[in-house]
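S.K.: 3D model of this:
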Amino acid sequence: MLKKAVLALSTFLPSMLRVPLLRLLGFRIGKHVHIGMMAILLPTHMKIGDYAEIKYFTIISVDRLEMGPYTIIASLSVIFGDGALIMASCSRVGHANLLDCSADIYLGKHCGLGPRNT
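M.R.: Prediction:
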């Protein structure tokens, strides 16, 4: 419960402060990761690879989030559900997507979802 509260409050922090805080909370975050301000992250388990990006105004509320190296979740995307979002290296979720992770979603290597998909 406390972990979720800290995650919610970290929404307002810039990436250079937020990434070390997420590491302190026990999440595995790679080097040179960028998490945009106002990106709401509420996963139970999170692993983000090197050079990954989560853009601003994104909401992620899943059980497990795994992002490989060089992956991107673009702005205004909403990802929710009790399952997992697993992204292999160099994959991308485009701008303004709505993903329901009731079942696990796996994006393979060099795979992407275009903008405004549901």
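S.K.: tell me where the model's unsure across the chain.
M.R.: Confidence mapping of the chain against pLDDT under 70 gives the ranges 118.
S.K.: can you map out the helices along it?
M.R.: Counting by DSSP state H, the chain forms helices over residues 2-9, 15-24, given from the N-terminal end onward.
S.K.: need the winner for burial among the ones you listed.
M.R.: Greatest average neighbour count among the helices of the chain goes to helix 15-24 (a mean of 15), per mean count of other CB atoms under 10 Å. For every residue, glycine as well, the C-beta is placed using N, CA and C.
S.K.: what's that helix in contact with?
M.R.: Contacts with helix 15-24, where a contact means CB atoms under 8 Å, 6 or more residues apart in numbering, come from Val6, Leu7, Ser10, Leu13, Ile29, Val33, His34, Ile35, Gly36, Met37, Leu41, Met46.
S.K.: ok, back up a step: a markdown table for the helices of the chain, including distance to Gly94?
M.R.: Putting these into a markdown table (distance: least, CB to CB, whole Å) gives the following:
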| stretch | distance to Gly94 |
| --- | --- |
| helix 2-9 | 24 |
| helix 15-24 | 21 |
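S.K.: Gly83 is nearest to which of these?
M.R.: With distances scored as CB to CB, the stretch of these nearest to Gly83 is helix 2-9 (18.0 Å).
S.K.: for this structure, which segments count as strands?
M.R.: Residue ranges of the strands in the chain, as given by DSSP state E, are 28-29, 34-35, 40-41, 45-48, 53-54, 59-61, 64-67, 72-73, 78-80, 84-87, 92-93, 98-100, 105-107, 112-113.
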